[in-house]
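Participant: how would this look folded up:
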Amino acid sequence: MIYTYECQLCRHEFDVVKPMSESATKESCFKCGIDADRIFKNIKISLSGTKVTHAEYNPAFGKVIRNERERRYEAEKRGLVEVGNDFKSGEAMRESFDKDRAVKREKSWEAV
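Facilitator: Prediction:
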């Protein structure tokens, strides 16, 4: 995201590119080093037609894919096959890896 700041002292206005997770962090003026205030102007947001949390850029298709149905359609249209894992959730993947790690650890202890 691009955030606009204005210096409290010299009134210098500047933009900073940073992730939304860091939007609350302070920024210093490039000219005088004093803390700058974030200003809000020309804000335009359009969130129609899709849930933002599910939309993601897919480099294989070269565009933003809004949902699983669109991803399957695009893959079929291009003759692509999705590869990956069979885990239904991150928790299932973690449990499987933890189990495999425990088995390997037990085997290494038996060899000692």
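Participant: Output the below-cut-off pLDDT ranges for this structure.
Facilitator: In the predicted model, the chain carries pLDDT under 70 at residues 42-54, 84-85.
Participant: where along this structure do the helices fall?
Facilitator: With DSSP state H as the criterion, the chain has helices at 68-78, 90-111.
Participant: need the contact list for Ile39.
Facilitator: By C-beta atoms under 8 Å, 6 or more residues apart in numbering, the residues touching Ile39 are 4-6, 13. C-beta: built from backbone N, CA, C; applies to glycine.
Participant: Columns neighbour count on top of those residues, output as TSV?
Facilitator: Output for the contacts of Ile39, formatted as TSV (neighbours: other C-beta atoms under 10 Å):
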residue	neighbour count
Thr4	16
Tyr5	20
Glu6	15
Glu13	13
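Participant: now, which of those sits nearest Tyr57?
Facilitator: Distance to Tyr57, by C-beta to C-beta, is smallest for Thr4 among the contacts of Ile39, at 24.6 Å.
Participant: Could you give the bridge partners of the closest one?
Facilitator: On the basis of DSSP bridges, Thr4 is bridged to Asp15, Ile39.
Participant: and it, what does it touch?
Facilitator: Shown in contact with Thr4 (C-beta under 8 Å, 6+ apart): 13-15, 38-41.
Participant: now with 10 Å?
Facilitator: By C-beta atoms under 10 Å, 6 or more residues apart in numbering, the contact set of Thr4 is 13-16, 36-43.
Participant: Turn those residues into a markdown table, including distance to Glu82.
Facilitator: Shown next, in a markdown table, are the contacts of Thr4 (distance: C-beta to C-beta, whole Å):
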| residue | distance to Glu82 |
| --- | --- |
| Glu13 | 46 |
| Phe14 | 43 |
| Asp15 | 38 |
| Val16 | 37 |
| Ala36 | 46 |
| Asp37 | 46 |
| Arg38 | 41 |
| Ile39 | 44 |
| Phe40 | 41 |
| Lys41 | 43 |
| Asn42 | 40 |
| Ile43 | 37 |
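Participant: If anything else comes up later, I'll come back, but that's it for now.
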